[in-house]
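Chemist: Okay, structure incoming, though there's no sequence with it:
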Ligand code: ADP
Ligand code: MG
């Protein structure tokens, strides 16, 4: 158990989650090692977003354990399985380790790109304004948008807004980045610029969990690919095996429908 915690950046153990009567996660267990990229595919409603949201405690799991770099997130589970909820302060600290980017960019519309990126580090992490602004410039350079630093989000394309959203998440210096269908709302010609920023992050060694419908991208960028259905992991393995040689009927059907 201890060695397991040491090598694993994200450790999910038997996580269950229901919304009322609806069982959405039925005992998910997986690890993402430091520097690795896990891609998650699966039909709509299978629990992909819920799983990601649990990874930074936007949703609270009902059962099981989530560890980020060995530290329990949300609850401590005692030997006798009693769960103790962490304090809000502890949760806020742990949550800052996990950056998340959504399909809808969720930038603050009345704030400049610069402010969008510097606000959280200044208010949550007590970073000085100067340092936050320096870092914002470095991050915008990285996502290819330094010249947009004084713009408002509404003046940017969807692809540019999404790249700002990625820079904003990175500004908190997370240990893990989660991406939930971040290109699904984009015009097709803008998808590539966002994927290439993600690819670059992966190459730099960022630990990432990516929910996507971009199969070729998932194949190219991930170390491990997981297919989930009905809140269960149906198959997980090397991307080429999962995509080219699926063993379960459900995955075969999913991939078939996807291609047609
Ligand atoms: P996916 O991302 O794979 O499409 P989700 O994780 O968003 O799936 O949703 C899984 C199931 O949980 C769906 O049936 C969805 O309607 C339901 N669900 C998601 N969030 C909530 C919520 N906050 N309250 C009630 N039901 C929810
Ligand atoms: Mg979803």
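Modeler: Thanks, I have it. This one's a predicted model, so the numbers in the text were calculated from it and none came from an experiment. Ligands and ions are numbered 1, 2, ... in the order given.
Chemist: after the longest helix anywhere in the chain, next one along is what?
Modeler: Identified as the longest helix of the chain according to DSSP state H is helix 188-203. Note on helix 188-203: by DSSP states H and E, the next helix or strand toward the C-terminus is strand 207-211.
Chemist: how far does the longest helix of the chain sit from the chain's center?
Modeler: In terms of CA atoms, centre = their mean, to the nearest Å, the centre of helix 188-203 is set 15 Å apart from its chain centre.
Chemist: and that helix, which residues are buried?
Modeler: Neighbour-count burial for helix 188-203, counted by 16 or more other CB atoms under 10 Å, picks out 190, 191, 193, 194, 195, 197, 198, 201, 202. Yep, even glycine has a C-beta here, placed from its N, CA and C like the rest.
Chemist: For that helix, name the packing helices and strands.
Modeler: helix 158-170, strand 207-211, helix 215-221 (3 or more CB pairs under 8 Å, 6 or more residues apart in numbering; DSSP states H and E).
Chemist: hmm, who's touching that helix?
Modeler: Contacting residues not belonging to helix 188-203 are listed as 37, 142-144, 157-160, 162-163, 166, 170, 177, 179, 182-183, 186, 208, 210, 214, 217, 220-221 [CB atoms under 8 Å, 6 or more residues apart in numbering].
Chemist: Give me the most central residue, this structure.
Modeler: Centroid-nearest residue in the chain, with CA atoms, centre = their mean: residue 178, separated by 0.9 Å.
Chemist: quick one, what contacts the nearest residue to that one once chain neighbours are set aside?
Modeler: With CB to CB, 6 or more residues apart in numbering as the criterion, residue 178 has its nearest non-adjacent residue at 4.4 Å, and that residue is residue 100. Residues counted as contacts of residue 100 (CB under 8 Å, 6+ apart) are 52, 53, 56, 58, 169, 177, 178, 179, 180.
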